[in-house]
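Enquirer: Take this sequence and fold it.
(2 chains)
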Protein chains: 2
Amino acid sequence: MSDQEALTSYLAAFIEGLEQAGIKDVVISPGSRSTPLALLFAEHPNIDIYVNIDERSAGFFALGLAKASRKPVALLCTSGTAAANYYPAVVEASLSRVPLIVLTADRPHELRDVGAPQAIDQIHLYGRHVRWFTEMSLPEKGNTMLNYASTAATRAVSEALGLPSGPVHLNFPLREPLLPQLDPSPFLKKNATAVKRELKFGRLELPKEVYLEIAEEWRGYEKGLIVCGPLDQPGFSEAIIELGEVLGFPIFADPLSQLRSGSSSNELVIDSYDAILKTEEVRLNFQPELIIRFGGMPVSKPLSLFLQNAKNVKQVIVDGNRSWRDPYHVGTEMVYCDEINLCKLVSKVIPKRDISTWLMDWLEMNQITKNVIEAQLHSESKLDEGKAIRELSRWIPEDSIIFVGNSMPIRDMDTFFHTNKKNIRIMANRGANGIDGVISTALGSSVHSRPLFLVIGDLSFFHDMNGLLAAKIYNLNINIILLNNDGGGIFSYLPQIKEPKHFEVLFGTPTGLNFEHAVKLYHGQYTRINDWESFQVAMIDAANYEGLNVIEIPTDRAENTASHRRIWEQVSREINKYLQSVEK
Amino acid sequence: MSDQEALTSYLAAFIEGLEQAGIKDVVISPGSRSTPLALLFAEHPNIDIYVNIDERSAGFFALGLAKASRKPVALLCTSGTAAANYYPAVVEASLSRVPLIVLTADRPHELRDVGAPQAIDQIHLYGRHVRWFTEMSLPEKGNTMLNYASTAATRAVSEALGLPSGPVHLNFPLREPLLPQLDPSPFLKKNATAVKRELKFGRLELPKEVYLEIAEEWRGYEKGLIVCGPLDQPGFSEAIIELGEVLGFPIFADPLSQLRSGSSSNELVIDSYDAILKTEEVRLNFQPELIIRFGGMPVSKPLSLFLQNAKNVKQVIVDGNRSWRDPYHVGTEMVYCDEINLCKLVSKVIPKRDISTWLMDWLEMNQITKNVIEAQLHSESKLDEGKAIRELSRWIPEDSIIFVGNSMPIRDMDTFFHTNKKNIRIMANRGANGIDGVISTALGSSVHSRPLFLVIGDLSFFHDMNGLLAAKIYNLNINIILLNNDGGGIFSYLPQIKEPKHFEVLFGTPTGLNFEHAVKLYHGQYTRINDWESFQVAMIDAANYEGLNVIEIPTDRAENTASHRRIWEQVSREINKYLQSVEK
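Expert: Numbering: from 1, shown residues only, chains lettered A, B, ... in the order given. Presented below is the predicted three-dimensional model:
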């Protein structure tokens, strides 16, 4: 058996193992050392490859593919700094629990740490940010090694789908010559001796009596609150809403809880808590006795402070993935079991409670707040980021994805994207909340689902402009709502604004870029809107647009802040009026 | 003392420590957690800050600043994936021995690993790719802590300037509120109790008698070869040329050895070994008995193979920084001492040897090769990447920097940039040889020196387009010769080209981008040249152009390869003719 045969059969066995374990999509960045794996992936009849030149974008593109499809995705690059470029996406995947199989080609041992070109130390390259790392052996012949290679592939997928899911890293030392045999294709006939492996994953379940105890305890509280942060699991919406109805608790639903949209009843969903909780009287008079939390931390700062400052409260944190999600050290009970199962079992054994004053007040305050916001935005003729979200929610077609950038867009979604019956999936990178890689993650998410609308600020757009190349090369359909306030808008809401010295240089950071050039570079359609009528026209056009479509909304940082403050002040006045009326 | 006073005095002491230890330039990416450090850097009267939104570009920009100035440079970013974006530049700095002080702001301990936003595990974030990592304490008051902070700063610079130099990482947990006191500036009056610290670095020196032994041994060889890879140290050129003259050995000089340009005599410099060594007869008939290597591995593959296959040869590897630079395991003697000192001491004690046949043959073959190349390029009317380098070397002004991209440009520099009397410094990222971050490194290099010409391929240009923003914001002067063959040109020279299946998708990777849009985005001047006359005009214009100036040379991958092969074949024929003539 020649070296080439050993190379081919070993790596083909690995790739077969990946495919058997459910890998369909592989994102590849060009390079020399990774040649045999790249060619064999391209050759495999059931694997789709996406070539992405910039490894940083490639990492996030794979992240998006995996997030949207809820399936593991593999990534391949060559040796050297190429692999280091994956780091931001690897960190985000780790924190947002997305299964990525990161494959890096490497120089063989004799060329490491001896000044050879394109050789960096790739052992444990991503440190503790991967669930599993393994250094593969050099390709070798023989059934033992083929079995080892295909097992390693299945194992990689298994580790990536752990509790919680996340990235894994396999490093492949490869020696020249690097060309595998493609004729005949190694995937044409099945290897008769190959072992067929399957993965069957259990979920965390508590003993039956513990569910009953939990139910018994929860029904004893009247002033209860359900808080849902980011959680994107089919079936969760229905289960949590049933739980809320049975317990008679309001459900504070972060935009990424997936509870604000869709056909399930959302009458108990409180979507304006961020504005409501800015009013001190609410915080003082509406202290819950029980808080039940699901999902990651919600984006709202007022809500976080409310959870943090709640005194003498039972705070239950539910996580089917066994992480410690309690940044304020206020949790009194950690419940590690499948969220849907818990909701269903508890709902089943509790009789439905009548609507309480506690619940009524929250629903009333929520409605008042939404009315204020609606009235204020309705009269807003200037281009404003809050209104952009409201207009987006009006004109977005059914069954879309909204991918939301970090920093201000996700906060504006929280404030201005209210419950609706459209079936909208809302996605974002809320593991590390970075402004990096957002375009690529959205594009990866768009591959298997459309239409997709990305809402993003100009700095985040700038950070990942290279990601747009994938839209051109793979004819992906994406509508980008670019909120361009020429700089870092969020800092105008933070204490930094009080220190005018150095503010624009360090925090405002205007780039003065005309992004039309960037969009033209990638053959996209570019529209800069002037008023809300033209935005409506652009949104209607967007619903059926094929390709890259960028709709820029130019806004002003100072005016955005002022408009937000006006709304919050008006909400506070109206809430206080309501509180005085119920006191009477 | 308030929290704000503690924050201010502790971080100001740290920054004073950095400045005392020689830090002048700090590259900052905007963020919230890093606010107090950013504001204090901006406030320091002797520190220049450069704000760069994309942390990946920021890392390489700092690398360029440090490389060009040969001084350590600090980098600052906020918590989260921002810090992960530095990884490629950190790895490159580590391998190319560039001192970078990487400062990352972090959440305080109570907000780590508990699901808090923008909190990732930043402890040992860069693994073994930094020379030193330390987790700083939270800012605290008192002389002990001020002294600790300023010592940590000096220590950081000291570790970064180690043998060899490289990046260090300091992680700063910071708690809200994040605003320091700027009024009055903490840097206005010197802290009377502050300790003034100095760093004095020795260099490696051998005992006197060992230098004499080395001299005695080397003069015993007639067929000696000096090989200089990447090495950029003032004074080295003069010292190594003196050594070559005394020993009567040819000096094989990589473009990054800095030996091909400048006022020192370069009569012994062989600059065409890459083409010469492709001829088998040369490899067989010109076996050296002694090889003395300086600097990193040269880029030339034929030279690497020649070193690797040299039999029964004494191969001496000299490194003043104590690394193991022997990818082919052929070194028979490692000499760890200052290179310049070694050259000077050996030269001093050896009488100058007469010119040997060995030396004459090499000089003759070198001249023949250069004549062939010159003749072939002279008659080349098509736009070709080899000729682009030759034309660049003709028209480039004195005292310029050429920054060379990886992959093909550095190889073409090796083949086509010949000795000259212009004082040209040649720079590249040859630590990990990545195509990433090249624009930013070049721009960082341009800050303190000009004119600068960057020679770069289209994929590498694409990879770091975001880096161009620094040129716009800081009005930097850079001329970019963009060799646009629409894809990965190097693969046409590699075995991959023999496998046409999947070639264009995986290796050719044409982007089809019109980079004029990208240049316009950054308000640069863009010229696509059509013939060599227009290139000459563009180069004359470039010498005095202020700002970003991109000169695109469109080429064809297949034609480039064919033209290179024609030259190599013609060189081989002429070399063989010469060998036959001397045999007579």
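
Enquirer: other SSEs contacting the helix or strand where A:Leu377 lies?
Expert: Secondary structure assignment for A:Leu377, by DSSP states H and E: helix A:357-378. Helix A:357-378 sits against strand A:269-270, helix A:273-276, helix A:385-395, helix A:408-416, helix A:557-583, with contacts defined as 3 or more Cβ pairs under 8 Å, 6 or more residues apart in numbering or on different chains; DSSP states H and E. Just so you know, the C-beta spots here come from the backbone N, C-alpha and C atoms, and that holds for glycine as well.

Enquirer: Quick one: closest of those to chain B.
Expert: Among those, the nearest to chain B by Cβ to the nearest Cβ is helix A:408-416 (10.2 Å).

Enquirer: how far does the closest one sit from the chain's center?
Expert: The chain centre lies 15 Å from the centre of helix A:408-416; the measure is Cα atoms, centre = their mean, to the nearest Å.

Enquirer: what's the answer for stretch A:171-185, then?
Expert: How far stretch A:171-185 lies from its chain's middle: 35 Å, per Cα atoms, centre = their mean.

Enquirer: ok, now stretch A:4-15?
Expert: Per Cα atoms, centre = their mean, the centroid offset for stretch A:4-15 relative to its chain is 35 Å.

Enquirer: Quick one: residues in contact with it.
Expert: A:36-37, A:40-41, A:44, A:47, A:136, A:139-141, A:145-147, A:149-150, A:152-153, A:174, A:177-181, A:186-187, A:191, A:194 (Cβ atoms under 8 Å, 6 or more residues apart in numbering or on different chains).

Enquirer: Equivalent analysis for stretch A:304-312, please.
Expert: A:227, A:273, A:277, A:283, A:287-289, A:291, A:293, A:297-298, A:315, A:327-328, A:330.

Enquirer: ditto for stretch A:360-367
Expert: In contact with stretch A:360-367 (Cβ under 8 Å, 6+ apart) are residues A:250, A:267-268, A:270-273, A:276, A:282, A:286, A:575, A:578, A:582.

Enquirer: Need the max-distance pair from those.
Expert: A:Asp271 and A:Val582 (21.2 Å; Cβ to Cβ).

Enquirer: Would you mind telling me which of the two has more residues around it?
Expert: More neighbours surround A:Asp271 than the other of A:Asp271 and A:Val582, with 25 against 12 (other Cβ atoms under 10 Å in any protein chain shown).

Enquirer: I'd assumed A:Arg260 was in contact with that one.
Expert: Yes: using Cβ atoms under 8 Å, A:Asp271 is in contact with A:Arg260, at 5.5 Å.

Enquirer: so what sits against both of these two?
Expert: A:Ala253, A:Phe417, A:His418, A:Thr419.

Enquirer: Kindly write the PyMOL command that selects the buried subset of those.
Expert: For the buried members of the shared contacts of A:Asp271 and A:Arg260, the matching PyMOL selection, counting by 16 or more other Cβ atoms under 10 Å in any protein chain shown, is:
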select buried, chain A and resi 253+417+418+419
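
Enquirer: which one of the shared contacts of A:Asp271 and A:Arg260 sits closest to chain B?
Expert: Distances from chain B to the shared contacts of A:Asp271 and A:Arg260, taken by Cβ to the nearest Cβ, are shortest for A:Ala253, at 17.6 Å.

Enquirer: so what's the closest one closest to, chain neighbours aside?
Expert: A:Leu259 (3.8 Å; Cβ to Cβ, 6 or more residues apart in numbering or on different chains).

Enquirer: Using the three-state scheme, assign that neighbour.
Expert: coil (DSSP: H, G, I helix; E, B strand; the rest coil).

Enquirer: and A:Val282, that one's in a helix?
Expert: Yes: membership of A:Val282 in a helix is supported by three-state DSSP.

Enquirer: Is A:Glu385 in contact with A:Asn560, as I believe?
Expert: Yes: between A:Glu385 and A:Asn560 there is a contact at 5.0 Å, judged by Cβ under 8 Å.

Enquirer: what do the two both touch?
Expert: In contact with both A:Glu385 and A:Asn560: A:Met408, A:Asn485, A:Gly489, using Cβ under 8 Å, 6+ apart.

Enquirer: Could you report the pLDDT at the last one?
Expert: In this model, A:Gly489 is scored at 92, pLDDT.

Enquirer: That one: what's it in contact with?
Expert: Going by Cβ under 8 Å, 6+ apart, A:Gly489 touches A:Glu385, A:Ser407, A:Met408, A:Gly457, A:Leu483, A:Arg557, A:Asn560.

Enquirer: my guess is A:Glu559 meets A:Lys387, correct?
Expert: No: when contacts are counted by Cβ under 8 Å, A:Glu559 is not listed as touching A:Lys387 (11.2 Å).

Enquirer: What segments of the stretch 1-150 of chain A are helices?
Expert: A:3-20, A:35-43, A:55-69, A:81-84, A:87-95, A:143-160 (DSSP state H, counting those that start in this stretch).

Enquirer: Quick one: those helices as CSV, columns for mean pLDDT and mean neighbour count too.
Expert: Shown next, in CSV, are those (pLDDT from 0 to 100; neighbours: other Cβ atoms under 10 Å in any protein chain shown):
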stretch, mean pLDDT, mean neighbour count
helix A:3-20, 96, 22
helix A:35-43, 97, 24
helix A:55-69, 98, 29
helix A:81-84, 98, 30
helix A:87-95, 98, 30
helix A:143-160, 97, 20
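
Enquirer: And the average pLDDT for stretch A:321-341 is what?
Expert: On average, the pLDDT along stretch A:321-341 is 96.

Enquirer: A:Val438 is nearest to which of the helices of the stretch 1-150 of chain A?
Expert: helix A:55-69 (7.6 Å).

Enquirer: domains for chain A, by residue range?
Expert: Domain ranges of chain A: A:3-173, A:208-367, A:383-567, per automatic domain parsing.

Enquirer: now, of those domains, which is deepest in the fold?
Expert: Counting by mean count of other Cβ atoms under 10 Å in any protein chain shown, domain A:3-173 has the highest mean neighbour count of the domains of chain A, with a mean of 23.

Enquirer: which residues of the stretch 151-300 of chain A fall in helices?
Expert: Counting by DSSP H, counting those that start in this stretch, the helices of the stretch 151-300 of chain A are A:208-219, A:236-247, A:273-276, A:280-285.

Enquirer: Let me have those helices in a markdown table, extended by distance to A:Leu468.
Expert: What follows is those, written out as a markdown table (distance: least, Cβ to Cβ, whole Å):
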| stretch | distance to A:Leu468 |
| --- | --- |
| helix A:208-219 | 48 |
| helix A:236-247 | 33 |
| helix A:273-276 | 32 |
| helix A:280-285 | 43 |
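
Enquirer: for those helices, which one sits closest to chain B?
Expert: Among the helices of the stretch 151-300 of chain A, helix A:273-276 sits nearest to chain B (Cβ to the nearest Cβ), with 14.5 Å.

Enquirer: Average pLDDT for that closest one, rounded please.
Expert: pLDDT averaged over helix A:273-276 gives 98.
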